[in-house]
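Student: Here you go, sequence then predicted model.
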Amino acid sequence: EAGVVQSPRYKIIEKKQPVAFWCNPISGHNTLYWYRQNLGQGPELLIRYENEEAVDDSQLPKDRFSAERLKGVDSTLKIQPAELGDSAVYLCASSLDHTTETQYFGPGTRLLVL
Amino acid sequence: GNSVTQMEGPVTLSEEAFLTINCTYTATGYPSLFWYVQYPGEGLQLLLKATKADDKGSNKGFEATYRKETTSFHLEKGSVQVSDSAVYFCALNTGSARQLTFGSGTQLTVLP
């Protein structure tokens, strides 16, 4: 069974530029999560989807961050414009549904903003 | 709110040494507790979990027991290997939101 797929694995951009991350969850998983992991810290939730609906985006900085999950499968997280403080690893995770405790994580996208 | 406090690293051990990584938590309700491991260049992998008090999670020689009275979930392994070198994260979730709250991680290095 394929795991959670993320791309790109690495991204270097200059501040004020836009950037997008893509995630393909495990097949059949209805719940999708985006986390941000700062250096030396644990991941922090940005947004959670149940199918195509964003059910928890309270920690997403909505002035510059946006996300979508069209058709309830793949998801894209966008930052526009990026700031120096956005440098981090962006992790995508999925679970079977919102009642399932175990989340499966992708390898992450490491973003460096110069 | 929910929070997880982990033993600060880095931790360096010799192969076959005994490992303990401390984890304590604060949570409303009755959380499930997890240990995730992150190998270099890889995503987080679930190592073990426990869903109620006195449960013991175990996997790959690692163990952790859910201690409600001390709000702890310490990770142990009797004999570590070089391949166990990684960052270990303690985490919890509660309620229907299933939002994981992570500790800051503990870097483990095992020397041959």
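Tutor: Structure's in. What do you need?
Student: and A:E1, what pLDDT?
Tutor: A:E1 is assigned 64 on the pLDDT scale.
Student: correction: B:G43
Tutor: pLDDT, B:G43: 85.
Student: can you pull the contacts of the residue of chain B found nearest chain A?
Tutor: When you check chain B against chain A by Cβ to the nearest Cβ, the closest residue turns out to be B:F102, at 2.8 Å. Every C-beta, even on glycine, is put in place using the N, C-alpha and C of the backbone. Contacts were defined as Cβ atoms under 8 Å, 6 or more residues apart in numbering or on different chains; by that measure B:F102 touches A:G42, A:P43, A:E44, B:V4, B:Y36, B:F89, B:C90, B:A91.
Student: what helix or strand is the nearest residue to A:V55 once chain neighbours are set aside on?
Tutor: Nearest non-adjacent residue to A:V55, counting by Cβ to Cβ, 6 or more residues apart in numbering or on different chains: A:R48, 5.8 Å away. Secondary structure from DSSP states H and E places A:R48 in strand A:44-50.
Student: can you give me how far that strand is from the chain middle?
Tutor: Mean-position distance between strand A:44-50 and its chain equals 8 Å (Cα atoms, centre = their mean, to the nearest Å).
Student: do stretch A:105-114 as well
Tutor: Stretch A:105-114 has its C-alpha centroid displaced from the chain centroid by 9 Å (Cα atoms, centre = their mean).
Student: what does stretch A:53-73 give?
Tutor: 9 Å.
Student: got the contact list for that stretch?
Tutor: Residues from elsewhere that reach stretch A:53-73 (Cβ under 8 Å, 6+ apart): A:24-25, A:30, A:32, A:34, A:44-49, A:51-52, A:75-83, A:86, A:98, B:97, B:99.
Student: same thing with stretch B:2-10?
Tutor: Residues lying outside stretch B:2-10 but in contact with it, judged by Cβ under 8 Å, 6+ apart, are A:42, B:21-28, B:31, B:88-92, B:94, B:101-109.
Student: Would you quantify the distance from the residue lying closest to A:I79 once chain neighbours are set aside to chain B?
Tutor: Taking Cβ to Cβ, 6+ apart, and ignoring the residues beside it in sequence, A:I79 has A:V19 as its nearest neighbour in space, at 5.2 Å. As for A:V19, its distance to chain B is 19 Å (criterion: Cβ to the nearest Cβ, to the nearest Å).
Student: Chain neighbours aside, what residue packs nearest to B:S58?
Tutor: Leaving aside its sequence neighbours, B:S58 sits nearest to B:L48 (Cβ to Cβ, 6+ apart; 5.9 Å).
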